[in-house]
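J.: task: produce atomic coordinates for the following.
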Amino acid sequence: MKGSEKKIRRGERGSIMALSAVAMLSILLAAGLGIDISRFYLAKNELQNAADAAALAAASALNSSPSGITNARDRAMQEMNKYNFNNGTVSITEAAIRFSVNLNGTYVNFTDAYNSPANIRFVEVTTPQLAIPVSFAAMVLGTSKNLSATATAGLSVPLNSFCNFIPLSVIDYDVPMVPGQTYTIRADTGGSPSPGNYQILAVAGPGGVDVGFGIGAGVDACASPGETYYVDTKPGLTAGKVRTGLNARFDDYGGSQLDPALEPPDTNIKEGITHDQYLASRDPLNPNYQSSTIYQAASHPGVDDRRIVLIPIVKLSAYDAGRGTVTFDHFGAFFLKTKASGGSGGDIQAEYIDNRFAVGKGGYIPGGAVGNPLLATPVLYK
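T.: This next block holds a predicted model:
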C-alpha cells in the first residue's frame, strides 16, 4: 500500500506547476483584456466629446439662411479637428455632417441643406473610423478595433427667457411687427415715448456708464416677457454713453471704456447694409462674399453676430414721465444697421430679424410666457 501511494504521488509531480502556469496565463490575459477594453472606453468617450462639441458648434451657426449651413459645416470641421486621437489629427469631411428639419427625420447632405435652409434645425456629426491598437488581447480582439461616434445637436424650442439683452427698448404701438422692417431703438428729442424718456432702460445700472457697458457688452441678467423691473427706465438722452456702447460693435472705441478684447467688434462693420446682405457677406459660396459693397473688416479681431442684439419690446402705454417701471411685453432680435451719430445721436434704428437662429444665451421656463419662435439656443440632443 505504501509503495502504491508513493508511485501515485510521483505521477502527480509537476501538476501544480502546470496548473499555476495556466492560471497565471489566464489572469494575464484577463488583465490585458481589461486594459484594452478600458482604452476603448476612453477613446470612445473622447470621440464622443469631439462629436458633441462639433455638433453644438454647428448648431450654433444655424440661422435659416445658406450662410448658416456653410458656417455650420465649417464650425463642425474646425471643432472636430481640435481633437487628437492616437497621436494623429482627426479629419472630418463634409459628408460626415448632415442636416435635418426634424430631430428624427431624414438627414440630408450639405448641398441639399444649403439649397433649402429655411427650416433646417438639426445637425448630425459623425467622427471618422479610428483604428485603436490592441496591446494585450490581440488573440481575442484582433490587432485593432475601429471606433466612431455620432452626435446630434440643434435649435431648442422657442425661448421664453432671454439673457444678455441690451438696455434699450423698442416701442410696440399695437401694430404687428414686421420682420425685415427697421424700428427705432432709441428716440431723439422729438420722438420720445414720454417726457424725459428716450427708450433707455436702467437694468444694467442707474448711471450713464452702466448704459454704455450694457449696450456694448449686454446686460448681465435674464428676463422673461411679462416681467416688470422696478426703476427700469433711464430718463435723459445719455447720448454719449449710448453712442460709445453701440459704436464699439462697429469697431469704434472713441471715448469708450470698453475693451476690444472683452467687447469685440463684429467681423463686418459695413454700415447701411441689411441683415440679408450681412449674411451674404459671410457666405464663401455667395457671389457677394466679402464684397466691398456689403463688407468692411474690423481692425480689431471681430466676432460674428455682434451687430445682432436682443432688445425688449415695450408697449407705448407702459412709459410714464420720468423714471418709472415698464413691463417687457416680448423680446426680439435686431440687426444694427449704422453707428450712432455725434451730438444727440438722433434716432437709433435697427432691423427686426425674420430668421430663426441661435442666440447663444437664453432658456425655456416650463409654464412661463409664450416663447419667440424666431429665437432659440443650441442644444445637444443625442
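J.: if I read this right, Ala318 contacts Thr327, doesn't it?
T.: Yes: contact criterion CB atoms under 8 Å: Ala318 and Thr327 qualify, at 5.5 Å. Bear in mind the C-beta positions are built from the backbone N, C-alpha and C, glycine included.
J.: who does the residue nearest to Ala113 when sequence neighbours are not counted form a beta bridge with?
T.: Computed as CB to CB, 6 or more residues apart in numbering, the closest residue to Ala113 that is not its neighbour in sequence is Phe99, at 3.6 Å. Listed by DSSP bridges, the beta-bridge partners for Phe99 are Val108, Val123.
J.: nearest spatial neighbour of Thr189, skipping sequence neighbours?
T.: Closest to Thr189 by CB to CB, 6+ apart is Ser344, at 6.1 Å.
J.: low-confidence stretches in this structure?
T.: 1-34, 36, 83-90, 136-141, 228-231, 360 (pLDDT under 70).
J.: ok, now which ones touch the residue nearest to Ala113?
T.: By CB atoms under 8 Å, 6 or more residues apart in numbering, the contact set of Phe99 is 69, 72, 107-110, 112-113, 120, 122-124.
J.: can I get those residues in a markdown table with distance to Tyr295 and neighbour count?
T.: Formatted as a markdown table, those follow (distance: CB to CB, whole Å; neighbours: other CB atoms under 10 Å):
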| residue | distance to Tyr295 | neighbour count |
| --- | --- | --- |
| Ile69 | 19 | 28 |
| Ala72 | 20 | 29 |
| Tyr107 | 32 | 18 |
| Val108 | 29 | 16 |
| Asn109 | 28 | 12 |
| Phe110 | 23 | 16 |
| Asp112 | 27 | 15 |
| Ala113 | 24 | 24 |
| Ile120 | 24 | 24 |
| Phe122 | 30 | 23 |
| Val123 | 26 | 32 |
| Glu124 | 31 | 22 |
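J.: between those residues, which sits nearest Gly371?
T.: Phe122 (18.0 Å; CB to CB).
J.: distance of that closest one from Phe110?
T.: 14 Å (CB to CB, to the nearest Å).
J.: quick check: Phe110 vs Leu147, distance?
T.: For Phe110, the distance to Leu147 - CB to CB - is 25 Å.
J.: same thing with Leu279?
T.: For Leu279 relative to Leu147 (CB to CB), the value is 37 Å.
J.: higher neighbour count, the two?
T.: For Leu279 versus Leu147, the count of surrounding residues by other CB atoms under 10 Å is larger for Leu279: 24 against 19.
J.: my guess is that one meets Ser65, correct?
T.: Yes: in terms of CB under 8 Å, Leu279 counts as a neighbour of Ser65; the distance is 4.8 Å.
J.: what's the neighbour count on Ser224?
T.: 19.
J.: show me which of Ala318 and Thr327 is the more surrounded one.
T.: Counted by other CB under 10 Å, Ala318 and Thr327 do not tie: Ala318 has more neighbours, with 20 against 15.
J.: name the nearest residue to that one, ignoring sequence neighbours.
T.: Nearest to Ala318 is Val326, by CB to CB, 6+ apart, at 4.3 Å.
J.: look at the one you found and say how many residues are nearby.
T.: 23.
J.: ok so, going back, overlap in contacts of Leu279 and Ser65?
T.: In contact with both Leu279 and Ser65: Asn355, using CB under 8 Å, 6+ apart.
J.: sheet partners, orientation included, of the helix or strand Ile313 falls within?
T.: Element membership for Ile313, per DSSP states H and E: strand 308-315. Partner strands and pairing direction for strand 308-315 (DSSP bridges) are strand 170-172 (parallel), strand 330-336 (antiparallel).
J.: centre-most residue in this structure?
T.: Ser60 (3.7 Å; CA atoms, centre = their mean).
J.: test my guess that that one contacts Pro378.
T.: Yes: the criterion here is CB under 8 Å, and Ser60 meets it with Pro378 at 4.4 Å.
J.: hang on, Ala204 in a strand?
T.: No: under DSSP: H, G, I helix; E, B strand; the rest coil, Ala204 falls outside any strand and is assigned coil.
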